[in-house]
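Colleague: How does the following fold in three dimensions:
(4 chains)
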Protein chains: 2
Amino acid sequence: MTSAETASAPSPSPGRRLEPDARRAEILEAALRLYAERPYADVSTSELAREAGVARGLLNHYFGTKRDLYLTALRILLTIPEEAAAGLPGRTRTERAGAAVDWFLDTVAARAGLWLSVGVGGAGGDPEVDRVVEEADETAADRVITALVPEHDPASDPAADVVLRARVRAYFGLVRAASREWLVRGSLDHAGVRDLLVTGLVALLPGPEIQEDP
Amino acid sequence: MTSAETASAPSPSPGRRLEPDARRAEILEAALRLYAERPYADVSTSELAREAGVARGLLNHYFGTKRDLYLTALRILLTIPEEAAAGLPGRTRTERAGAAVDWFLDTVAARAGLWLSVGVGGAGGDPEVDRVVEEADETAADRVITALVPEHDPASDPAADVVLRARVRAYFGLVRAASREWLVRGSLDHAGVRDLLVTGLVALLPGPEIQEDP
DNA sequence: CCCGCTCTTGACAGGCTGCCAACAAGAGGC
DNA sequence: GCCTCTTGTTGGCAGCCTGTCAAGAGCGGG
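Modeller: All right, here's what the predicted structure looks like:
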């Protein structure tokens, strides 16, 4: 049983010539699999190439550097699908926040390994990693704001917009830490982390505590 | 001008024989200096040895592995002095939370470079780094609980104690993300981050919203 | 059927890490 | 004061990893 058979990525024949996009996708999938189990520093390019079923040099050909490959995989992993924020049920802000938190917890539970492999996020060490995480957070903040603060208009008051986005991004730090408490430490159950995140989200958003739709 | 002259660590004579504890301290100081400026992966053992004014192999002799040295430095850096939590002014919980946040912000502002350089730990989900951070958070959670929830008794209800500590540790995620918004992005000023952290801390603690001392 | 494009490979050079035996700087005994 | 013995310290060695590059091979076009 070779690794090519166990791996979900098909590698029917070595040296097989593929479309660049297809090959890129194969390598990225392999990288996502490995980085889901072990941290960046522990995964060598030889392993990445073996998992993808290609020669080691091909990684550099497509992604330049091992770090670039990691950053690309990380960016894909952190990107939140746009459809998630659309059509959240609930009338009051608390209800909508609850629905958003439920969606998030379901998603994270489905791919817990992948999510945790990224780490606590908002880390400090690597500037490039930080930048990728920040960009992903920026997009996620957009989703949250449009879903929960629809009356907010960035153009009308740019200063308030900056502060609001900052508060939402800071809230993501709470989300990540709470996820760790739930998935890794087990110090919170599903209901506990849900209550924590809903409470924090409602408390940290601006304006009246709870807005009712008339 | 040799590096030994520019470095703040004194290295009067190469091969100088020191007490093991003193040598350990010297190496640790050098590591803290370098890790304050650049991330873990970018600092080689050769640089660490040069900064400390010793041979490279001595690092392994004292700390085993480059990673072990890093973890030791990280543990020292994250340790919060015990005196910080004692004697917080204020009667209401909000007042005491504000005092705690003020202390934290002052401390972080004083050593912003160190705080941000190590930050939350390395990205990539390194288990050992995460463990060091978690241990430091555990201690910090003790300080916060004793300072802000003095009526809490861990022995009386162990389950409630686990949940309370989990909420406080999750709050630390909010603290770190908010610090980044303040120090790195500049999207929050001092008053903004203070308001955010006080609001979050009060909202996430259990029991009545605000406890008044009669 | 042959040619050319380019996807793919294997090998090479440089750097870094952990290990280890040899060296010598102090401390203690006489 | 000199010698010896402990042990802090050094420099080199082997192994692994990464980025680069020219050569080879698959596949479409003429």
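Colleague: per-domain residue ranges of chain A.
Modeller: Using automatic domain parsing, the domains assigned to chain A come out as A:3-76, A:79-204.
Colleague: where's A:Val168 relative to B:Leu174, distance?
Modeller: 11 Å (CB to CB, to the nearest Å). Just so you know, the C-beta spots here come from the backbone N, C-alpha and C atoms, and that holds for glycine as well.
Colleague: So which of these two has more stuff around it?
Modeller: B:Leu174 (27 against 24; other CB atoms under 10 Å in any protein chain shown).
Colleague: That one: what's it in contact with?
Modeller: A:170-171, A:173-174, A:177, A:200, B:196-197, B:200 (CB atoms under 8 Å, 6 or more residues apart in numbering or on different chains).
Colleague: and what of A:Arg169?
Modeller: Residues in contact with A:Arg169 (CB under 8 Å, 6+ apart) are A:134, A:137-138, A:141, B:177, B:181, B:187.
Colleague: in what helix or strand does A:Leu188 lie?
Modeller: Counting by DSSP states H and E, no helix or strand carries A:Leu188.
Colleague: Surely it touches A:Leu196?
Modeller: Yes. The criterion here is CB atoms under 8 Å, and A:Leu188 meets it with A:Leu196 at 6.8 Å.
Colleague: so where's chain A shaky on pLDDT?
Modeller: A:1-15, A:111, A:113-114, A:117-125, A:207-214 (pLDDT under 70).
Colleague: how far away is A:Pro81 from DNA strand D?
Modeller: 30 Å (CB to the nearest atom of the strand, to the nearest Å).
Colleague: let me fix that: A:Ala52
Modeller: Taking CB to the nearest atom of the strand, one finds A:Ala52 at 13 Å from DNA strand D.
Colleague: follow-up on the earlier one: out of the domains of chain A, which comes closest to B:Ala159?
Modeller: Of all the domains of chain A, it is domain A:79-204 that lies closest to B:Ala159, at 10.2 Å by CB to CB.
Colleague: quick one: the closest one to chain centroid distance?
Modeller: Distance of domain A:79-204 from the chain centroid (CA atoms, centre = their mean, to the nearest Å) equals 10 Å.
Colleague: tell me the most buried of the domains of chain A?
Modeller: Comparing the domains of chain A by mean neighbour count (mean count of other CB atoms under 10 Å in any protein chain shown), domain A:79-204 ranks first with a mean of 18.
Colleague: Check whether that one comes near DNA strand C.
Modeller: No. Applying CB under 7 Å from any atom of the strand, one finds domain A:79-204 separated from DNA strand C by no less than 14.3 Å.
Colleague: Name the residue closest to the centre of chain A, please.
Modeller: Central residue of chain A (CA atoms, centre = their mean): A:Leu78, 2.5 Å from the mean position.
Colleague: nearest spatial neighbour of it, skipping sequence neighbours?
Modeller: A:Ala136 (3.6 Å; CB to CB, 6 or more residues apart in numbering or on different chains).
Colleague: who's in contact with that neighbour?
Modeller: Counting by CB under 8 Å, 6+ apart, A:Ala136 touches A:75, A:78-80.
Colleague: Tell me which two of these sit farthest apart.
Modeller: Longest span within the contacts of A:Ala136, CB to CB: A:Arg75 and A:Ile80, 11.6 Å.
Colleague: Phi first, then psi, for A:Arg38.
Modeller: Recorded main-chain torsions at A:Arg38 are phi -130, psi 150, according to degrees, to the nearest 10.
Colleague: separation between it and A:Gly90?
Modeller: A:Arg38 is 39 Å from A:Gly90, by CB to CB.
Colleague: If you count contacts, what does the host helix or strand of A:Asp195 end up packed against?
Modeller: Using DSSP H and E, the element containing A:Asp195 is helix A:190-204. Judged by 3 or more CB pairs under 8 Å, 6 or more residues apart in numbering or on different chains; DSSP states H and E, helix A:190-204 is in contact with helix A:93-110, helix A:158-180, helix B:158-180, helix B:190-204.
Colleague: Determine the three-state secondary structure at whichever residue of chain A sits closest to DNA strand C.
Modeller: Here chain A gets closest to DNA strand C at one residue, A:Gly57, 2.5 Å apart by CB to the nearest atom of the strand. Counting by DSSP: H, G, I helix; E, B strand; the rest coil, the backbone at A:Gly57 sits in helix.
Colleague: ok, now which ones touch it?
Modeller: With CB under 8 Å, 6+ apart, A:Gly57 has no contacts at all.
Colleague: Kindly report the same for the one 10 residues further on.
Modeller: Each residue near A:Arg67 by CB under 8 Å, 6+ apart is listed here: A:Glu128.
Colleague: where does it land in three-state SS?
Modeller: Three-state call for A:Arg67 (three-state DSSP): helix.
Colleague: Can you tell me how far it is from B:Lys66?
Modeller: In this view, A:Arg67 and B:Lys66 are 19 Å apart by CB to CB.
Colleague: State the helix or strand in which the closest residue to A:Val168 other than its chain neighbours lies.
Modeller: If the residues on either side of it in the chain are set aside, A:Val168 comes closest to A:Ala141, at 4.3 Å by CB to CB, 6+ apart. Using DSSP H and E, A:Ala141 maps to helix A:127-148.
Colleague: For that helix, output the C-alpha coordinates as PDB.
Modeller: Only the C-alpha atoms of helix A:127-148 are listed here, as PDB (Å, rounded to 0.1, in the frame of the first residue of the first chain):
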ATOM      1  CA  PRO A 127       4.700  39.300   9.600                       C
ATOM      2  CA  GLU A 128       3.600  37.500   6.500                       C
ATOM      3  CA  VAL A 129       1.400  35.000   8.300                       C
ATOM      4  CA  ASP A 130       0.000  37.900  10.300                       C
ATOM      5  CA  ARG A 131      -0.900  39.700   7.100                       C
ATOM      6  CA  VAL A 132      -2.700  36.800   5.600                       C
ATOM      7  CA  VAL A 133      -4.700  36.300   8.900                       C
ATOM      8  CA  GLU A 134      -5.500  40.000   9.000                       C
ATOM      9  CA  GLU A 135      -6.700  40.000   5.400                       C
ATOM     10  CA  ALA A 136      -9.000  37.100   6.100                       C
ATOM     11  CA  ASP A 137     -10.200  38.800   9.300                       C
ATOM     12  CA  GLU A 138     -11.000  41.900   7.200                       C
ATOM     13  CA  THR A 139     -13.200  39.900   4.900                       C
ATOM     14  CA  ALA A 140     -14.800  38.100   7.800                       C
ATOM     15  CA  ALA A 141     -15.400  41.400   9.600                       C
ATOM     16  CA  ASP A 142     -17.300  42.700   6.500                       C
ATOM     17  CA  ARG A 143     -19.500  39.600   6.600                       C
ATOM     18  CA  VAL A 144     -20.300  40.100  10.300                       C
ATOM     19  CA  ILE A 145     -21.000  43.800  10.000                       C
ATOM     20  CA  THR A 146     -23.300  43.500   7.000                       C
ATOM     21  CA  ALA A 147     -25.100  40.600   8.700                       C
ATOM     22  CA  LEU A 148     -25.500  42.100  12.200                       C
END
